[in-house]
Every structure is written in C-alpha cells, then in structure tokens.
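**Student:** using only what follows, build the 3D model:
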Amino acid sequence: MFITLRRKNIAFAIAVLAAVAILSSALGVTSMASVFFGKSSRKIPVYGVDVGEEEKVIALTFDAAWGADKTQGILDIMAEYGAKGTFFLVGFWIDKYEAETKAIAEAGFEIGNHSRNHLNMPKLSDEEIRAEIEYVNGRVNELTGKTPKFFRAPFGDYSDRLMTALEKLDMVGIQWSIDSLDWKGLGASEICDRVLPKAKSGDIVLFHNNSDHVLDALPIVLKTLRSRGFRFVTLSEMVAVDGYTVDNNGIQHKSA
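**Tutor:** Residues are numbered from 1 along each chain as shown. I've put the predicted structure just below:
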C-alpha cells in the first residue's frame with residue numbers, strides 16, 4: 001500500500017514538473033528574475049528577437065576594443081547599402097579614438113556599451129561592475145550626447161549579478177545569434193559562409209571593427225541579404241528596452 005501511494009506521488013510530481021516546464025517554455029523567461037519553487041531562474045541576455053513573420057530585419061553589430069583602422073571603411077560600406085548598425089565600444093577604445101566615436105554617432109549608427117576595460121565581468125564585484133558600465137555610458141554621452149541602452153559583456157560572459165546591474169541602470173544585455181568569428185582571421189568567404197546560410201529575421205550578428213577581412217566580407221553580406229529582402233537596423237529599431245520577455249533560447253518577445 002505504502003509503495004503504491006509513493007509511486008503515485010512520484011508520478012504526480014513528475015507530471016507537475018513536466019507541465020510547469022512546458023508552460024514556462026511557452027511563456028518565456030522574463031527579463032526580471034523568474035521564480036521556480038523558490039529559486040530564481042538564470043537571467044538571459046538577448047540573443048535575437050521575435051519580430052514576427054512580416055518583418056525582415058537584421059542587426060549587424062561591431063565590437064571595438066583594439067584598433068580603428070577599418071572603422072571608417074565599415075561606415076562607408078554600410079552607407080553604400082543604406083544600412084545602419086550598432087558599435088559596442090570599450091572605454092579605453094573611446095579614450096584613444098574620440099574622433100572615431102563621434103564619427104560613428106554622426107553617421108547615424110548606435111553605440112552600445114562594451115565595458116571600460118574588457119574584463120571578465122562576472123569575476124568583478126558589484127561595485128566594479130557598475131563602475132565599468134557607468135564609465136562608458138558617461139564617455140559616450142560626453143562625446144555624442146546620447147547614453148547607451150545596450151550592453152554586451154566581454155567574451156559574451158554574463159552572470160545574474162551583471163544582468164541585475166544592467167536592470168538597475170535600465171539597460172539591456174545583448175549577446176548574438178550569429179558569430180562571424182571574423183576575429184580569428186577568417187577570410188571573406190569563410191565569414192560569409194558562417195553568416196549567410198544561418199541569417200534570419202531578428203538575428204543579431206557579431207563582427208569586430210578591426211578584424212582582418214571585415215571590409216572584404218561586409219559588402220558580400222550586405223548585398224546578399226539585401227537581395228533576400230532584409231533591412232539592416234540598429235538595435236534600438238529591433239530590440240525592446242521594456243515590456244518584453246526572453247525565452248530559454250535568448251529570444252526576446254515583445255509584450256502585446
């Protein structure tokens with residue numbers, strides 16, 4: 001009798017857990033901490049966006065930490081194709097390349113925050129995390145009059161503490177859904193092979209502003225995706241900063 005009841009209880013518990021898992025997946029994980037049996041779920045940055053079936057938009061992003069030789073070239077190529085994008089700038093890069101920082105903003109591109117010193121953020125204290133973020137926000141505002149809304153963690157390394165710090169600053173953590181791996185020195189064709197077959201609406205694509213062959217690959221990416229009907233937008237044009245959920249795959253869903 002005891003064994004039978006126990007088995008029924010276990011079966012019931014498993015059924016409840018399965019139902020909760022299915023419901024959670026359907027609803028998505030909120031941008032704030034979710035609660036599951038008293039434990040907070042992991043806070044997830046935005047990898048991509050559910051933009052609906054009718055929109056064909058994609059966000060090209062460029063991380064800038066070392067070097068600036070190709071930055072103007074990126075701006076020129078993007079302008080040729082009527083495309084906008086987002087640059088994630090590190091603080092010491094901004095300090096060294098103030099003119100380039102201003103040029104990015106003046107060309108109509110968005111500037112995101114990539115930390116002051118490009119450190120492994122989860123290893124820092126809460127105070128150090130906030131200082132890393134606020135320094136870049138202050139410098140960007142000083143040079144462009146705008147304050148970044150989006151943050152990309154160095155090495156793509158996030159933690160709940162980092163995500164909480166961003167929430168307190170009314171910022172959104174941004175990852176990527178397609179990594180070009182251009183920083184590895186890949187040739188233009190290899191970069192395109194990584195980006196083009198995977199590209200879909202709502203994707204966030206990672207490039208680096210001074211990678212070896214970004215200027216060779218970028219025109220091919222832009223021409224090919226434009227021929228498929230894509231528009232190239234800044235993150236602010238695609239990613240919500242409030243009223244959204246993020247599911248377990250990092251896809252942002254905007255509230256109705």
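**Student:** what about the closest residue to R42 other than its chain neighbours, how many residues nearby?
**Tutor:** Closest residue to R42 apart from its sequence neighbours, by Cβ to Cβ, 6 or more residues apart in numbering: D160 at 6.4 Å. In this view, the C-beta of every residue, glycine as well, is placed from N, C-alpha and C. Close neighbours of D160, defined as other Cβ atoms under 10 Å, add up to 14.
**Student:** likewise the one 10 residues further on?
**Tutor:** Applying other Cβ under 10 Å, we find 10 other residues in the vicinity of D170.
**Student:** I figured it was touching P148, is that so?
**Tutor:** No. Counting by Cβ atoms under 8 Å, P148 is not a contact partner of D170; they are 10.8 Å apart.
**Student:** you'd agree N120 is up against Y158?
**Tutor:** No. Using Cβ under 8 Å, N120 is not in contact with Y158; the gap is 10.7 Å.
**Student:** how about the residue most central in space within the chain, phi and psi?
**Tutor:** Central residue of the chain (Cα atoms, centre = their mean): I174, 2.4 Å from the mean position. I174 adopts backbone torsions of phi -120, psi 130, taken as degrees, to the nearest 10.
**Student:** again, but for D63
**Tutor:** Backbone torsions for D63, taken as degrees, to the nearest 10, come to phi -80, psi 140.
**Student:** what sits opposite it in the beta ladder?
**Tutor:** Beta-bridge pairing for D63 (DSSP bridges): F88, H208.
**Student:** would you mind listing where this protein has pLDDT under the threshold?
**Tutor:** Residues of the chain meeting the criterion pLDDT under 70: 1-40.
**Student:** ok, which stretches of it are strands?
**Tutor:** 29-30, 35-36, 39-40, 48-49, 57-64, 86-89, 110-113, 150-151, 172-173, 178-179, 204-208, 231-232, 244-246, 251-254 (DSSP state E).
**Student:** could I get those strands in CSV, plus columns for mean neighbour count and distance to K223?
**Tutor:** Formatted as CSV, the strands of the chain follow (neighbours: other Cβ atoms under 10 Å; distance: least, Cβ to Cβ, whole Å):
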stretch, mean neighbour count, distance to K223
strand 29-30, 18, 36
strand 35-36, 12, 46
strand 39-40, 10, 45
strand 48-49, 25, 22
strand 57-64, 25, 13
strand 86-89, 28, 20
strand 110-113, 26, 22
strand 150-151, 26, 27
strand 172-173, 24, 30
strand 178-179, 19, 17
strand 204-208, 23, 15
strand 231-232, 18, 11
strand 244-246, 19, 32
strand 251-254, 18, 27
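**Student:** quick one, which of those strands is nearest to E100?
**Tutor:** Closest to E100 of the strands of the chain is strand 57-64 (Cβ to Cβ; 8.2 Å).
**Student:** counting contacts, what elements does the closest one pack onto?
**Tutor:** Packing contacts for strand 57-64, counted by 3 or more Cβ pairs under 8 Å, 6 or more residues apart in numbering; DSSP states H and E, involve helix 71-80, strand 86-89, strand 204-208, helix 214-227, strand 231-232.
**Student:** so what's G187 closest to, chain neighbours aside?
**Tutor:** Closest residue in space to G187, ignoring its immediate chain neighbours: H213 at 5.6 Å, by Cβ to Cβ, 6+ apart.
**Student:** check contacts around that neighbour.
**Tutor:** D182, G185, L186, G187, A188, I191 (Cβ atoms under 8 Å, 6 or more residues apart in numbering).
**Student:** over to L89?
**Tutor:** By Cβ under 8 Å, 6+ apart, the contact list for L89 reads A64, T101, I104, I111, G112, N113, H114, V136, V140.
**Student:** ok, so of the residues you listed, who is nearest V57?
**Tutor:** The closest of these, once distances to V57 are taken by Cβ to Cβ, is G112, at 17.1 Å.
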